[in-house]
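>>> Sequence below, structure please.
(one chain, ligands or ions: 1)
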Amino acid sequence: MDKKKIMILGADGYLGWPLSLRMLAKGNEVLGIDNMATRRSVEEVGSTSALPIGSPENRVKAARKKFGGEINLINGDITNHDFLYKSIKEFKPDTIVHFAEQRSAPYSMIDVKHAGYTMTNNIVGTINLIYAIKDLGLNSHIVKMGTMGEFGTPKFDIPEAAFVDVEINGKKDKITTPKWAGSWYHWTKVHDTNNLLFASRLWGITTTDIMQGPVYGTRSSEINSEALFTRFDFDEIWGTVVNRYCVEAALGEPLTPYGKGGQVRGFLSLQDSMDALTLLIENPPEEGEYRTVNQFMELLSVNEIAEIVKAESAKLGIEATIKNVENPRVEAEQHYYNPERKVLPSLGFKLKVKMKDGVGQILKDLMPYKKNIEKYRNVIMPKTKWKA
Ligand SMILES: NC(=O)c1ccc[n+]([C@@H]2O[C@H](COP(=O)([O-])OP(=O)(O)OC[C@H]3O[C@@H](n4cnc5c(N)ncnc54)[C@H](O)[C@@H]3O)[C@@H](O)[C@H]2O)c1
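Numbers count the residues shown, from 1 in each chain. This is a model prediction of the structure:
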């Protein structure tokens, strides 16, 4: 592969940092942008990353030392369009990966301030990016991270398509694939999708819009030392279910599926997320095309995941228990779930990490830091409710 210029918005985050390392390791020039919002917002809710992460400066130093090559991480806010335009104009990226959004559903549900911030931050950031590409006359490929949560849990099979055929009162047409998101955060992703689709129709912007399931894990091919760790959140606001269960197990707390625990989602490991993203970056759609991708690996319920974490914990001598707790969210707790997935397999994607192996690795990685997370026990149980 030729050396490419890859810009990563949200490069300091859980996914952005490992992708920066991956792109650097593959010989590309990497420019990361991040306003450090997640570091501040995790602190705001009284929590921290379970694995230690370096300052942005130290991370970049560690990355250069390990992989050589060119990587920079600039502190800036993409809702400031002057800043974003300037950064893109100077760097002239071949690909812009857009992760730079407020990504917690519970955070968006705290109150009007957090809902409004999530709406503004996510939707304005994406619209700024769309306009930057158009106004600067570039043909950079936008790789935008959305979520499988845009679809909700419909009784029909979830298509991997931007449009579906409908017949209303005997008349046929195409409509955008129906979405029913379950939090203000997830709705921002639906709005982003509509905006990207519209922009692509208007101006032919080359876009890959990824509907990704929840990611878990501590490792990717490039992360093999403390200096390169990515953040690992576990509290009720920022921790996704697998990562949260693993910290519960490590602390000797019960694993806590919400409600009946029959909620099924399409999970994937950090390693598989990075492999999938690499394939999508290296195999862009046709110029001007909008491509939608369902990115997940294993369909599992949150109860089944608790059993996996319990079994993997037992292998390390940890006796984990499972206690279903009241569901703070409004969501179906038993439901049909059958999303389509054909783009990644067509590009030759192969699953590398099964959940049980990923969980075993997380538990091993957490153990040396158990003492540091002890004092954060009180931020794990859900307090943020969808209905007050
Ligand atoms: N982690 C998952 O399981 C998952 C699953 C599906 C989709 N996603 C999406 O993938 C993306 C990355 O997720 P993540 O888990 O790495 O989240 P993260 O919060 O760790 O990373 C996002 C990064 O973007 C930065 N950011 C936010 N707003 C910004 C702004 N206005 N300007 C500049 N930087 C900004 C944050 O500081 C953070 O470092 C998000 O858009 C998220 O919604 C994540």
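>>> in stretch 213-223, what counts as buried?
Residues 213, 214, 215, 216, 217, 218, 219, 220, 222, 223 are the ones in stretch 213-223 that count as buried (16 or more other CB atoms under 10 Å). C-beta: built from backbone N, CA, C; applies to glycine.
>>> brain fart, stretch 292-311
Buried residues in stretch 292-311, counted by 16+ other CB under 10 Å: 292-298, 300-303, 305-310.
>>> Which of the buried residues of stretch 213-223 fall within strands?
215, 216 (DSSP state E).
>>> List, one by one, the residues from the stretch 151-300 of the chain near the ligand.
212, 214, 215, 231, 240 (CB under 6 Å from any ligand atom).
>>> Now name the helix or strand holding residue 41.
helix 37-44 (DSSP states H and E).
>>> count of neighbours near residue 95?
Residue 95 has 21 neighbouring residues, counting by other CB atoms under 10 Å.
>>> Please tell me how far it sits from residue 364.
33 Å (CB to CB, to the nearest Å).
>>> Once you drop chain neighbours, what's closest to residue 379?
residue 235 (3.9 Å; CB to CB, 6 or more residues apart in numbering).
>>> three-state assignment of the one you found?
What DSSP: H, G, I helix; E, B strand; the rest coil gives for residue 235 is coil.
>>> repeat for residue 118
Per three-state DSSP, residue 118 ends up helix.
>>> Count the neighbours of it for me.
Neighbours around residue 118, by other CB under 10 Å: 25.
>>> In the protein, where is pLDDT below threshold?
For the chain, the stretches flagged by pLDDT under 70 are 1.
>>> Phi first, then psi, for the residue of it found nearest the ligand.
Residue of the chain nearest the ligand, by CB to the nearest ligand atom: residue 13 (2.0 Å). Per-residue torsions, residue 13: phi -90, psi -180 (degrees, to the nearest 10).
>>> which stretches of the chain form strands?
So, for the chain - with DSSP E - the strands run 5-9, 29-34, 71-75, 95-98, 141-147, 163-168, 171-176, 207-212, 215-216, 264-269, 290-295, 298-301.
>>> how far is the shortest one from where the chain is centred?
Read it as strand 215-216. 8 Å (CA atoms, centre = their mean, to the nearest Å).
>>> got the contact list for it?
14-15, 240-243, 246, 267-270, 273, 355, 358-359, 362 (CB atoms under 8 Å, 6 or more residues apart in numbering).
>>> which bits of the stretch 1-150 of the chain sit near the ligand?
So the stretch 1-150 of the chain meets the ligand at 10, 12-16, 33-38, 77-79, 99-103, 121, 125, 145, 147 (CB under 6 Å from any ligand atom).
>>> one step back: just confirm the residue of the chain closest to the ligand contacts residue 101, I think it does.
No. Taking contacts as CB atoms under 8 Å, residue 13 lies outside contact range of residue 101: 9.3 Å.
>>> Look up the residues that both of those two are in contact with.
Contacts common to residue 13 and residue 101, judged by CB under 8 Å, 6+ apart, are absent.
>>> Could you report the neighbour count for residue 176?
14.
>>> OK, contacts around the closest residue to it other than its chain neighbours?
Distance criterion CB to CB, 6+ apart; nearest residue to residue 176, sequence neighbours excluded, is residue 163 at 6.0 Å. Applying CB under 8 Å, 6+ apart to residue 163 gives the contacts 174, 175, 176, 177.
>>> Relative to residue 341, how far out is residue 155?
For residue 155 relative to residue 341 (CB to CB), the value is 19 Å.
>>> swap in residue 138?
30 Å.
>>> for residue 87, same thing?
Taking CB to CB, one finds residue 87 at 34 Å from residue 341.
>>> one step back: please produce a ChimeraX select command covering the buried subset of the contacts of residue 163.
Here is the ChimeraX command that selects the buried residues among the contacts of residue 163 (16+ other CB under 10 Å):
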select :177
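>>> Turn the contacts of residue 163 into TSV, columns for distance to residue 46.
Converted to TSV, the contacts of residue 163 look like this (distance: CB to CB, whole Å):
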residue	distance to residue 46
174	47
175	43
176	39
177	38
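>>> how about the helices in the chain?
16-25, 37-44, 56-67, 81-91, 105-108, 112-135, 184-203, 241-250, 270-282, 302-315, 343-346, 355-366, 370-374 (DSSP state H).
>>> Which residues are in contact with the residue nearest to residue 42 when sequence neighbours are not counted?
Spatial nearest neighbour of residue 42, chain neighbours left out: residue 238 (5.3 Å); criterion: CB to CB, 6+ apart. If you count contacts by CB under 8 Å, 6+ apart, residue 238 has them with 38, 41, 42, 45, 47, 104, 107.
>>> Compare residue 155 and residue 341 and say which is more crowded by neighbours.
residue 341 (18 against 9).
>>> Can you give me the distance of the more buried one to residue 148?
Residue 341 is 10 Å from residue 148, by CB to CB.
>>> And residue 249, by the same measure?
Distance from residue 249 to residue 148, by CB to CB: 25 Å.
>>> Residue 348: neighbour count?
Residue 348: 8 neighbours (other CB under 10 Å).
>>> What of the one 3 residues further on?
Under the neighbour criterion other CB under 10 Å, residue 351 is assigned a count of 14.
>>> Was I right to think it contacts residue 273?
No. Residue 351 is not in contact with residue 273 according to CB under 8 Å; the separation is 11.6 Å.
>>> All good on my end, thank you.
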